[in-house]
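sequence and computational prediction follow.
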Amino acid sequence: MHALTKTSGPIEVEIDDHVAVLTMNNPPANTWTADSLNQLKALVKALNEDKNIYALVLTGKGEKFFSAGADLKLFAEGDKAVAADMAFCFGQAFETLSDFRGVSIAAINGYAMGGGLEVALACDIRIAEAHAIMALPEASVGLLPCAGGTQNLAWLVGEGWAKRMILCGERVSASQALDIRLVEEVVATGQSLETAKKLAAEVAHQSPTAVTACKSLIQNARFAPLHQGLIQERERFIRLFDTLDQREGVRAFFEKRPPVWKNE
């Protein structure tokens with residue numbers, strides 16, 4: 001029994017075996033609101049508690065927009081309290097997504113602008129459709145990307161391209177995004193969700209406890225010195241021997257059968 005069943009709202013959720021599919025649904029451009037950001041945070045926390053969920057896929061409703069980010073009407077009056085509240089909601093939601101214990105995949109099915117691109121940056125893997133356009137245009141309206149954009153984009157594509165996109169407002173196509181390593185794969189229009197779901201299903205072949213440990217180590221490399229990472233790598237390896245999945249994985253290998261993971 002899954003902790004979550006199919007739900008609706010600004011983010012629709014559907015469970016498919018070990019994969020949770022989250023669909024942003026706020027027409028016409030799937031913009032973020034405080035409510036939808038709080039829902040995303042709560043959903044990811046619930047998925048973290050569901051041991052049967054190994055991966056999640058995030059996509060947008062419709063054919064044109066993955067997400068256009070925040071609705072600029074929120075900031076039209078220059079209210080700092082509103083800005084502070086939204087910045088907090090963005091940070092909490094996307095950092096929770098980044099910390100998801102399983103594998104997160106963004107199926108970018110259209111425009112990913114501002115907070116729409118930032119939520120994809122918070123995912124582990126990005127798959128873009130051929131017509132997708134990505135940008136962080138906040139500086140063009142006197143703002144800045146405050147939901148991880150300046151940090152995560154630079155980590156993925158390097159300082160030069162991060163500055164082109166953020167400081168110069170340059171938009172990138174799906175093919176450009178692949179060239180600069182902003183996305184890992186480009187697929188035909190209409191194919192991102194199925195491609196992402198197929199990749200997410202592959203995660204079920206991996207030990208979920210090992211995946212969680214590996215993901216933590218990979219992301220830790222962003223800020224920890226190499227020598228610390230190497231020490232932690234060995235420590236996490238040894239700690240896996242406290243898990244049922246470690247014994248199951250090795251036994252299944254020698255018994256020439258698929259492992260039955262317990263996520264324990």
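Noted; the coordinates are in hand.

what's near enough to touch the residue most central in space within the chain?
In the chain, the centroid-proximal residue (CA atoms, centre = their mean) is residue 123; its distance is 1.8 Å. If you count contacts by CB atoms under 8 Å, 6 or more residues apart in numbering, residue 123 has them with 58, 97, 98, 104, 105, 106. Every residue, glycine included, has its C-beta placed from N, CA and C.

make it 7 Å
Neighbour list for residue 123: 58, 97, 104, 105, 106 [criterion: CB atoms under 7 Å, 6 or more residues apart in numbering].

could you do residue 31 as well?
Residue 31 neighbours (CB under 7 Å, 6+ apart): 67, 68, 69, 70, 71.

helix/strand/coil for the spatially closest residue to residue 252 that is not a sequence neighbour?
Computed as CB to CB, 6 or more residues apart in numbering, the closest residue to residue 252 that is not its neighbour in sequence is residue 259, at 3.8 Å. Per DSSP: H, G, I helix; E, B strand; the rest coil, the secondary structure class of residue 259 is coil.

one more: residue 222?
Per three-state DSSP, residue 222 ends up coil.

residues near it, how many?
By other CB atoms under 10 Å, 10 other residues sit near residue 222.

do residue 21 as well
21.

with residue 216 instead?
13.

quick check: it vs residue 102, distance?
12 Å (CB to CB, to the nearest Å).

repeat that for residue 75.
On the measure of CB to CB, residue 75 and residue 102 end up 34 Å apart.

between these two, point out the one with more neighbours.
More crowded of residue 75 and residue 102, by other CB under 10 Å: residue 102, with 24 against 16.

next secondary structure element downstream of the lengthiest helix in the chain?
Longest helix in the chain, counting residues (DSSP state H): helix 80-98. As assigned by DSSP states H and E, the chain's next helix or strand after helix 80-98 is strand 103-108.

which helices and strands sit right next to that next one?
strand 55-60, strand 125-129, helix 192-202 (3 or more CB pairs under 7 Å, 6 or more residues apart in numbering; DSSP states H and E).

looking at those, which is closest to residue 49?
Set against residue 49 and scored by CB to CB, those come closest in strand 55-60, at 13.2 Å.

quick check: residue 180 touching residue 161?
Yes: taking contacts as CB atoms under 7 Å, residue 180 lies within contact range of residue 161: 4.9 Å.

show me which of those two is the more surrounded one.
Counted by other CB under 10 Å, residue 180 and residue 161 do not tie: residue 161 has more neighbours, with 20 against 17.

buried sites along stretch 47-67?
Neighbour counts over stretch 47-67 (16 or more other CB atoms under 10 Å) mark 47-48, 50-62, 65-67 as buried.

what mean pLDDT does that stretch get?
Across stretch 47-67, the average pLDDT comes to 96.

repeat that for stretch 144-160.
On average, stretch 144-160 scores 95.

now that stretch: buried residues?
For stretch 144-160, by 16+ other CB under 10 Å, it's 145, 146, 147, 148, 149, 150, 152, 153, 154, 155, 156, 157.

stretch 185-205 now?
Those buried within stretch 185-205 under the rule 16+ other CB under 10 Å are 186-187, 191-193, 195-197, 199-201, 203-204.
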